[in-house]
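1. sequence first, then the predicted structure, then my questions.
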Amino acid sequence: MCGPIALSLPVGHLSGIKKPLGIFSYNIGRVITYAVLGFVFGSFGKTFVFFVTQQTLSIILGISLIILFVLTLFRKRLFNNSQWLQTWNRILSKKMAPLFQHKNPATLTIIGLLNGLLPCGLVYMAIAGALAFASPWQSALFMAAFGLGTLPAMAAVSFAGNVISLSLRNTIRKATPYIIAIMGLLLILRGLNLNIPYLSPKLTEDKVECCNKLP
């Protein structure tokens with residue numbers, strides 16, 4: 001859903017610096033929503049850590065993403081066929097549609113805020129990563145970083161979406177399940193405690209040992 005919305009943003013009437021600022025406002029709205037989702041789901045993750053270790057939770061989430069990847073390969077559209085997701089998507093779409101008729105740049109931020117709530121495979125992946133943190137604030141920061149990471153691509157779509165070929169868009173869409181699978185593998189590696197700096201740091205009770213101590 002993010003691609004078509006980015007292509008349809010009401011920024012055509014804006015000129016000069018106002019157009020990039022409008023596109024930036026839209027994307028900042030997405031980032032804010034992602035950060036809030038990260039805090040909410042991070043709170044759940046903190047609760048789960050009381051019952052299982054953080055490493056175990058990371059492995060469980062990673063396996064879940066791998067299963068989602070396999071289901072996608074076999075064309076079992078687990079999320080697309082979900083009735084409640086379709087209903088949620090329709091409700092948000094109805095809320096967003098009138099906003100595209102407004103010329104007020106501030107409306108772009110609201111569109112971004114609502115856009116962050118639309119069903120999206122990459123957002124599911126990021127939320128799974130956010131759950132693996134023991135602190136809601138770390139989860140919020142992780143989701144905000146995810147949103148900022150997508151900002152250049154989303155801004156490019158808004159600026160030059162019409163010149164991006166349909167085949168390239170389809171290629172990006174088809175790559176999404178593989179990105180989810182890579183994230184699943186990274187979460188599993190993180191939980192295996194292999195003492196690999198940054199990739200699979202050794203988790204102790206009170207700290208993460210990711211680098212050698214200086215003498």
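-> Happy to help now that I have it.

2. for the rest of this, base every contact and every neighbour count on C-alpha atoms.
-> Will do.

3. which strand or helix spans Ala156?
-> helix 136-160 (DSSP states H and E).

4. can you mark which positions in stretch 36-52 are buried?
-> For stretch 36-52, a neighbour-count test (16 or more other Cα atoms under 10 Å) marks 36-46, 48-49 as buried.

5. what is the nearest of the residues you listed to Ser15?
-> Val36 (31.7 Å; Cα to Cα).

6. what's the distance between the nearest residue to that closest one once chain neighbours are set aside and Leu37?
-> In this structure, Val36 finds its nearest non-sequential neighbour in Ala140, 6.3 Å apart by Cα to Cα, 6 or more residues apart in numbering. To Leu37, Ala140 is 7 Å away according to Cα to Cα, to the nearest Å.

7. again with Val11
-> With Cα to Cα as the criterion, Val11 and Leu37 are 27 Å apart.

8. ok, back up a step: burial of the residue nearest to Val36, as a residue count?
-> Other residues near Ala140 come to 27 when the count uses other Cα atoms under 10 Å.

9. ok, Ser8 next?
-> Neighbours around Ser8, by other Cα under 10 Å: 14.

10. quick check, pLDDT for it.
-> Confidence at Ser8, expressed as pLDDT, is 75.

11. picking that back up, contacts for the helix holding Ala156, please.
-> 2-3, 6-9, 23-24, 27, 30-32, 34-43, 45-46, 126-127, 129-131, 133, 164 (Cα atoms under 8 Å, 6 or more residues apart in numbering).

12. beyond it, next helix or strand please.
-> Helix 136-160 is succeeded, C-terminally, by helix 166-191 (DSSP H and E).

13. for that following helix, which positions count as buried?
-> 176-177, 179-191.

14. out of these, who's nearest Thr56?
-> Gly191 (6.1 Å).

15. list the contacts for the closest one?
-> For Gly191, the contacting residues are Gln54, Gln55, Thr56, Leu57, Ser58, Ile59, Ser200, by Cα under 8 Å, 6+ apart.

16. select the longest helix from this protein.
-> Looking across the chain with DSSP state H, the single longest helix is helix 18-49.

17. from the contact counts, what lies against that one?
-> For helix 18-49, the packing partners by 3 or more Cα pairs under 8 Å, 6 or more residues apart in numbering; DSSP states H and E come out as helix 106-115, helix 121-131, helix 136-160.

18. who's in contact with His13?
-> The contact partners of His13, by Cα under 8 Å, 6+ apart, come to Lys103.

19. so what pLDDT did it get?
-> If you check His13, the pLDDT there is 76.

20. state the distance from it to Leu68.
-> 41 Å.

21. show me where this protein dips below the pLDDT cut-off.
-> 1-3, 48-52, 75-85, 160-170, 172-173, 198, 200, 202-215 (pLDDT under 70).

22. what residue lies at the spatial centre of the chain?
-> Val123 (3.0 Å; Cα atoms, centre = their mean).

23. and the gap between Met154 and Ile67?
-> 28 Å.

24. which one of these two has more residues nearby?
-> For Met154 versus Ile67, neighbours defined as other Cα under 10 Å are more numerous around Met154 (23 against 14).
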